[in-house]
Structures are given as C-alpha cells and as structure tokens.
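Novice: sequence unknown, structure follows:
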C-alpha cells in the first residue's frame with residue numbers, strides 16, 4: 001500500500017470514528033447500536049461489532065472489500081455490514097453511510113410506509129422518505145428491502161429498526177440523518193394535536209424545492 005493510500009485510509013478511519021461518536025453524543029444511538037462506514041477506493045472502513053465508540057483507536061481500523069472480505073484490522077466488522085455494502089455496490093454517489101436507531105425516526109417507522117411530507121426538508125433526501133419492510137438485522141433480506149426504499153432517495157427508514165442515509169462525504173450522510181430525524185419529530189409533533197391533521201406538501205411543491213436547492217449555498221464552496 002502506498003503512503004498516499006495509507007494516509008487516505010487513516011484519515012477516513014478518523015472520520016468514521018468521529019461520526020460514530022457524534023451520533024452517540026447527539027442521542028441518535030444508544031450504547032453500541034448503529035454503525036458508520038466510509039469508502040476509500042475498493043476499501044470500506046466500518047465500525048466494528050459491539051465496541052463502544054469512545055474506545056476505538058487508530059489501530060482498531062476495520063476494513064473490508066466490496067465483497068465483504070476483511071482486508072484490514074482484527075476486530076469483526078458490524079453485523080450490519082450487508083446494509084453498507086449494498087449501498088456501495090448499487091449507488092455510485094455513495095462514499096459514506098450512516099445507520100442509526102434515532103428515536104423519532106424509529107417511532108415513525110412503526111407507523112407509516114412513507115414519511116408524510118410535512119416540510120420541504122423532504123426534498124433534501126430526494127423526496128418523501130420511504131420505510132423499508134421489516135427483516136432481521138444483518139440479513140441480506142434487510143439489505144434488499146433497504147435498496148427498494150432508497151430508490152431515487154438518499155435516506156430511508158427501516159421498519160421497527162432505524163434509519164439509513166448515504167452521501168458523498170460522512171458530513172453529508174450525517175446531515176441527512178439529522179434532517180430525517182428532525183422531519184420525523186416534526187410530523188409526530190404536528191400529528192399529535194387532537195382534532196387536527198397536519199397539512200402536507202404536494203409533489204409539485206416538493207419538486208419546486210428540489211429545483212431551488214440546485215442553486216443553494218455558496219458558489220465554489222462545499223455544501
């Protein structure tokens with residue numbers, strides 16, 4: 001491995017650990033639940049199974065190839081490795097994946113097959129967020145259900161389980177997770193008012209936001 005490749009992997013591993021710790025600090029996971037990964041070329045760096053994030057060190061890096069064969073580290077990768085690999089194999093834009101057990105999003109996953117579009121933030125995830133049908137964690141069936149829900153989207157709910165988002169960077173994937181959790185919290189709050197039903201945005205209104213977002217931010221600077 002060249003020095004350049006080694007440096008890229010070390011930097012990506014630090015970002016994976018930092019993002020995993022951030023998800024715990026923000027209350028999106030409890031204990032060792034949830035997992036984070038980043039792709040560097042043909043290597044997927046992923047959080048290990050059952051290890052508290054605050055105990056992870058540089059030498060604990062875990063890496064697999066796109067077929068799931070371990071090529072880096074001694075710790076076993078997360079049991080949700082099939083979810084991460086399915087995203088990378090089927091989505092060329094994905095360089096990072098975040099999976100959480102965020103409370104509000106998980107609650108909504110038990111109620112609806114699609115998050116109602118109560119806010120234009122849904123456009124940040126490609127449109128109304130779908131709920132993947134339930135399957136046991138760590139199974140190919142769950143990965144397949146997730147891919148169906150992710151079609152033309154950058155995030156989805158996993159029924160009675162949690163969330164999955166991806167992005168071109170870990171920051172982007174994490175921001176989408178945070179937006180999804182906020183969107184679910186908003187819908188739960190609005191729909192809990194007795195005698196009232198939240199107004200929802202139409203597909204045309206969401207498309208208008210999607211078009212407007214193409215010019216959002218500062219030109220020449222990352223989002």
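Specialist: Thanks, I have it. Given the structure is predicted, the values throughout are model-derived calculations rather than measurements. Numbering: from 1, shown residues only.
Novice: Specify the local secondary structure of the spatially most central residue of the chain.
Specialist: Centroid-nearest residue in the chain, with Cα atoms, centre = their mean: residue 165, separated by 2.4 Å. Recorded secondary structure, residue 165: strand (DSSP: H, G, I helix; E, B strand; the rest coil).
Novice: Helix, strand, or coil at the residue of the chain most remote from its centre?
Specialist: Going by Cα atoms, centre = their mean, the residue of the chain most distant from its centre is residue 195, 34.2 Å out. Judged by three-state DSSP, the three-state class of residue 195 is coil.
Novice: And for residue 145?
Specialist: What three-state DSSP gives for residue 145 is helix.
Novice: Against residue 187, how distant is it?
Specialist: 22 Å (Cβ to Cβ, to the nearest Å). For glycine as for every other residue, the C-beta is placed from the backbone atoms N, C-alpha and C.
Novice: Count the neighbours of residue 77 for me.
Specialist: Residue 77 has 23 neighbours, counted by other Cβ atoms under 10 Å.
Novice: Need the phi and psi values for it.
Specialist: Per-residue torsions, residue 77: phi -70, psi 160 (degrees, to the nearest 10).
Novice: Show me what the helix or strand containing residue 4 packs onto, helices and strands only.
Specialist: Taking DSSP states H and E as the criterion, residue 4 maps to helix 3-25. If you count contacts as 3 or more Cβ pairs under 8 Å, 6 or more residues apart in numbering; DSSP states H and E, helix 3-25 packs onto strand 35-40, strand 43-46, strand 96-100, helix 170-191.
Novice: check contacts around residue 23.
Specialist: 29, 34, 36, 98, 100, 174, 177 (Cβ atoms under 8 Å, 6 or more residues apart in numbering).
Novice: nearest spatial neighbour of it, skipping sequence neighbours?
Specialist: Residue nearest to residue 23 in three dimensions, not counting chain neighbours: residue 29, with 4.9 Å by Cβ to Cβ, 6 or more residues apart in numbering.
Novice: so how far is residue 6 from the one you found?
Specialist: Using Cβ to Cβ, residue 29 is found at 29 Å from residue 6.
Novice: Please apply the same query to residue 41.
Specialist: 12 Å.
Novice: swap in residue 130?
Specialist: Using Cβ to Cβ, residue 130 is found at 39 Å from residue 6.
Novice: Neighbour count: those two, which is higher?
Specialist: Between residue 130 and residue 6, counted using other Cβ under 10 Å, residue 130 has the larger neighbour count: 23 against 10.
Novice: Tell me the bridge partners for the more buried one.
Specialist: In this entry, residue 130 is beta-bridged to residue 114, by DSSP bridges.
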